[in-house]
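Student: just coords:
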């Protein structure tokens, strides 16, 4: 089923709860609408006969159970596996009732902007980094391209994005990851770190309508930046968002290790599969422990995020479909064959071999 972006946007404004929900507007998605008239939408892509939903269903929480049932029936009719990526706790409970398989893939830091304070010894390092960046002449501004275009700033932003693409060495990420979108900003927000009126770094944020919140979708910065640039950019963005009337912000999911479903047969292979997924997506950024980076800003709370799939037993083809959805041009059938080959070997063993991750990577 297909729907135009205007109607999907209106549904998002009524029910968009999951942090990355704004990114279902990207053109790589198909849309499923309820045959019974539920006010909602499920955005999805299909790879290797896996219908991978981008986040959880966008609908009222009271409709989640029925809407999920309709989508699962739709998938069954097409002989697709049904999978939801990065769902929240409220949706996880509904899917668990329907006997979906569930893996915890990370936790997301939630910042209640009214409660934010970086006083006290626990934030001494954060304050020091911010002060250092300010002393070196860094300032943070909110850029609204729909109000007034700044071609000089936008050129800098494009150059930073081009450098980043070259640095990570893959195709453009898609699915639940956005892009700068300067040609069509929509309702994105941009915060820029400037020095001598040149852009040193910037973040792109998208709305989380149902929570009066903002999701920090992506950051671009120079390979060598002033000390404290990232810290000052995020803390000042929080302050500006609070002034603009937002009550919640999130920096996105931090992948966690050893937080998976308690299945003695599959827990190790699932852990390795997820590590491979995050390694493949993350090493393009010179991946570092995101949990510790996000923790330094003092989240009000952490919320679980989950991969949920039907049938309820994990199959490695799900891993391939996720990687393909995020990096369509960079992930090939060769990786799929490597994953499947490794999985067949594991199924014959009582225990997962320690070198499985290397085998899956084709080393």
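Tutor: Great, that's in hand. These numbers were taken from a predicted model, which means no experiment stands behind them.

Student: in space, what's closest to residue 69 - neighbours in sequence excluded?
Tutor: Using C-beta to C-beta, 6 or more residues apart in numbering and skipping residues adjacent in sequence, the residue nearest residue 69 is residue 98, 7.0 Å away. (C-beta placed from N, C-alpha, C; glycine too.)

Student: what is the burial count for that neighbour?
Tutor: Neighbourhood size, residue 98 [other C-beta atoms under 10 Å]: 14.

Student: same check, this time on residue 26
Tutor: 18.

Student: show me what contacts it?
Tutor: Listed by C-beta atoms under 8 Å, 6 or more residues apart in numbering, the contact partners of residue 26 are 174-175, 178-179.

Student: how about a cut-off of 10 Å?
Tutor: Residues counted as contacts of residue 26 (C-beta atoms under 10 Å, 6 or more residues apart in numbering) are 5, 43, 45, 54, 174-179, 181.

Student: what of residue 86?
Tutor: Residue 86 touches 18-21, 53-56, 105-106, 108, 175-176, 252-253, 305-308, 322, counting by C-beta under 10 Å, 6+ apart.

Student: that one belongs to a strand?
Tutor: Yes. In this structure, residue 86 lies within a strand as judged by DSSP: H, G, I helix; E, B strand; the rest coil.

Student: so for the residue nearest to residue 69, what's the pLDDT?
Tutor: Looking at residue 98, its pLDDT reads 94.

Student: how near is it to residue 92?
Tutor: 11 Å (C-beta to C-beta, to the nearest Å).

Student: anything in contact with each of those two?
Tutor: Common neighbours of residue 98 and residue 92 (C-beta under 10 Å, 6+ apart) are residue 308.

Student: how far off centre is stretch 134-144?
Tutor: Averaging C-alpha positions (C-alpha atoms, centre = their mean, to the nearest Å) puts stretch 134-144 26 Å from its chain's average.

Student: mean confidence for that stretch?
Tutor: Average pLDDT, stretch 134-144: 97.

Student: ditto for stretch 122-129
Tutor: 97.

Student: can you check stretch 296-305 too?
Tutor: 96.

Student: start to end distance for it?
Tutor: End-to-end distance of stretch 296-305: 20 Å, with C-alpha to C-alpha, to the nearest Å as the criterion.

Student: go on, stretch 294-307?
Tutor: 21 Å.

Student: which positions within that stretch qualify as buried?
Tutor: Buried positions in stretch 294-307, judged by neighbour count with 16 or more other C-beta atoms under 10 Å: 294, 296-299, 302-307.

Student: can you pull out the low-pLDDT segments for the stretch 251-363 of the chain?
Tutor: 256-288, 330-363 (pLDDT under 70).

Student: so which residues of the stretch 101-250 of the chain form helices?
Tutor: 124-135, 151-168, 229-243 (DSSP state H, counting those that start in this stretch).

Student: tell me which of the buried residues of stretch 294-307 fall in helices.
Tutor: Counting by DSSP state H, the part of the buried residues of stretch 294-307 found in helices is residue 294.

Student: want to throw the buried residues of stretch 294-307 into TSV with distance to residue 143?
Tutor: Listed next are the buried residues of stretch 294-307 as TSV, based on distance: C-beta to C-beta, whole Å:
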residue	distance to residue 143
294	23
296	25
297	21
298	26
299	25
302	30
303	29
304	33
305	29
306	34
307	35
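
Student: nearest residue to residue 153 other than its sequence neighbours?
Tutor: residue 199 (5.6 Å).

Student: who's that neighbour bridged to?
Tutor: Residues in a beta bridge with residue 199, per DSSP bridges, are residue 194.

Student: and residue 112, by the same measure?
Tutor: Assigned bridge partners for residue 112, using DSSP bridges, are residue 248.

Student: show me the contacts for it.
Tutor: Counting by C-beta under 10 Å, 6+ apart, residue 112 has contacts 213, 242, 247-249, 299-301.

Student: need those residues in TSV with distance to residue 76, can you?
Tutor: TSV is the format used below for those (distance: C-beta to C-beta, whole Å):
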residue	distance to residue 76
213	34
242	46
247	40
248	36
249	38
299	39
300	40
301	37
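
Student: just to revisit the earlier point, show me which of the contacts of residue 86 are buried.
Tutor: Buried among these by 16+ other C-beta under 10 Å: 18-21, 53-56, 105-106, 108, 175-176, 252-253, 305-308, 322.
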